[in-house]
Every structure is written in C-alpha cells, then in structure tokens.
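Undergrad: With the sequence up front, the predicted model follows.
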Amino acid sequence: MDSARPPQPVTILVDADACPVKDEIYRVAQRHGAHVRVVSNSPFRVPVSERVKRVVVSDSFDAADDWIADNAGPHTVVITADILLAERCLKAGAAVLAHNGKPFDTAGIGAAIATRAIMADLRSGMDGIGGGPPAFSKADRSRFLQALDRELVRLSRTAR
C-alpha cells in the first residue's frame, strides 16, 4: 500500500495594501500551481480562479498582519514591505519577500528592524521634510519576479 501523499501546494500570502506586484504574483502562482491569499482591510479585485482568494479582514489596527502571521508557515511565501510582519512570518517558518524581490531572512531581520527604528527617529525630527522610498522601477519588478519564482521552485521541492 502506497502511503505517499501528494505534495502540499505552496500558498502565497499577500499583504495587499500598497502591493505593486499583485498581477505578477497571480501569473507566477498560476505557472507553479500555487494558491494565493490577497489579504487586506478592504476588497481588492482578484482574478477568478479557484487558487486565488480574497481575504478581507476587519479594519482594526494590524488585522491584516495578524491574519497573515497566523496563517504563515513552512509552505508559504509572504509578500510584504512590513518589516515587523516579516519577522513574525519568519518565526513561523515562512519565506518572506519584499515587493522589490529582496528576501527577508532570520540573519538580517534584526538589522532591518534596527534600521527601521533609526529611520523613524530621523523622519520624526524632519517635520515632514524629505521623501519616501525610491520609486518602484522595472528592475524592482524583474527582481521580484525572479525571487518569487526561485522561492516557489525551492518550496515545491521541499513539499515532496
């Protein structure tokens, strides 16, 4: 008797608010047979697909982050720019990518959190002067596509 179970599909959890790569996520997920959960406080249009689901949570503070962190695990890829959410998901065993394709990892998350705190202190002393992050570029989009593809290939191999 063969007790081998089919591989568990990878799930991509998307911190959807301000995510500039949702369309890219849908395309890569379809190619790899991955499930996608688009998590937000308000409805987003998602493709009609049995693999793509919209998850609308309450508008309370951190409700989307809490849902994502609670559902992150070894067979998930989390897409977020939120460093504190990335830390929570890494602790749950998930792979985590920023929108520009930069992976978050356990070795560097502490430094990223420290940098975030320093930058917040610097911004608070500037009275609204200064800009935000650099504009999202074609190179960022390309780097993201490559990183997501790499993670899905890696996780599909470990799911067997």
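TA: It's in.
Undergrad: Can you pull out the low-pLDDT segments for this protein?
TA: Applying pLDDT under 70 to the chain flags the ranges 1-7, 108-133, 159-160.
Undergrad: Select the longest helix from it.
TA: helix 138-158 (DSSP state H).
Undergrad: how far out from the middle of the chain is that helix?
TA: Here the centre of helix 138-158 is set off from its chain's centre by 12 Å, with Cα atoms, centre = their mean, to the nearest Å.
Undergrad: Mind listing what's buried along that helix?
TA: 140-141, 143-145, 147-148, 151-152, 155-156 (16 or more other Cβ atoms under 10 Å). The way it works is simple: take the backbone N, C-alpha and C, and place the C-beta from them, glycine included.
Undergrad: As CSV, those residues with distance to Val39 would be great.
TA: CSV is the format used below for the buried residues of helix 138-158 (distance: Cβ to Cβ, whole Å):
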residue, distance to Val39
Asp140, 21
Arg141, 21
Arg143, 23
Phe144, 18
Leu145, 21
Ala147, 20
Leu148, 17
Glu151, 18
Leu152, 18
Leu155, 19
Ser156, 22
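Undergrad: returning to what we had before: what is the longest helix of the chain packed up against?
TA: Counting by 3 or more Cβ pairs under 8 Å, 6 or more residues apart in numbering; DSSP states H and E, the packing neighbours recorded for helix 138-158 are helix 22-32, strand 76-79, strand 95-97.
Undergrad: same thing but 10 Å
TA: For helix 138-158, the contact count by 3 or more Cβ pairs under 10 Å, 6 or more residues apart in numbering; DSSP states H and E identifies strand 11-15, helix 22-32, strand 76-79, strand 95-97, strand 103-104 as packing neighbours.
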